[in-house]
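K.L.:
Got a predicted structure plus its sequence, pasted below:
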Amino acid sequence: MGKEVKRRQKRKEDKKRIVISNLPFEVWSYKENPNRHYCGNQIKTSKYTVLSFIPKNIFEQLHRFANLYFLGIVGLNFVPVANAFQPEVGVIPICIILAVTAIKDAWEDLRRCKSDKVINNQECLIYSR
């Protein structure tokens with residue numbers, strides 16, 4: 001029992017976080033800054049970056065049942081026994097749906113990114129003794 005109590009206390013001590021505020025910039029360098037190990041308070045609500053937009057967006061869209069249905073129809077049209085019409089024609093609806101949804105997602109993410117910049121650049125009050 002005693003060992004378990006000591007382990008719990010040690011875990012609590014490991015989780016403690018001490019943030020020192022109002023350090024004058026002239027007093028410390030980056031290596032001496034006690035707060036350097038902690039994340040900042042910058043807000044980021046956007047989902048995508050420029051490089052991750054296409055793969056993440058396609059991954060998210062293909063998890064929707066309707067898009068999987070259209071993709072299944074396209075796949076069946078490329079099988080000669082089961083095709084109902086030209087296989088190339090079956091690709092058009094899924095491409096249009098994916099493109100329109102991608103444009104909508106990009107627009108929403110751009111708006112979130114702009115909103116984040118506005119919030120992150122607002123002036124704030126700093127506690128001073």
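P.N.:
Alright, I've got the coordinates.
K.L.:
Buried ones in whatever helix or strand residue 56 lives in, by neighbour count?
P.N.:
Taking DSSP states H and E as the criterion, the element that holds residue 56 is helix 53-61. Neighbour-count burial for helix 53-61, with 16 or more other C-beta atoms under 10 Å as criterion, is recorded at 57, 61. Any C-beta I mention is one placed from the backbone N, CA and C, and that applies to glycine too.
K.L.:
Might you list the low-confidence residue ranges for this protein?
P.N.:
Per-residue confidence of the chain (counting by pLDDT under 70) places the weak regions at 1-39, 126-129.
K.L.:
where along it do the helices fall?
P.N.:
Assignment of helices within the chain using DSSP state H yields the ranges 2-15, 53-61, 65-77, 87-120.
K.L.:
Can I get the second one in CSV, CA atoms only?
P.N.:
This file holds the C-alpha atoms of helix 53-61, laid out as CSV (Å, rounded to 0.1, in the frame of the first residue of the first chain):
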residue,chain,number,x,y,z
PHE,A,53,-5.1,19.6,-48.0
ILE,A,54,-5.5,17.2,-50.8
PRO,A,55,-4.7,13.9,-49.0
LYS,A,56,-6.6,14.8,-45.8
ASN,A,57,-9.6,16.1,-47.7
ILE,A,58,-9.9,13.0,-50.0
PHE,A,59,-9.5,10.8,-46.9
GLU,A,60,-12.3,12.6,-45.1
GLN,A,61,-14.6,12.6,-48.1
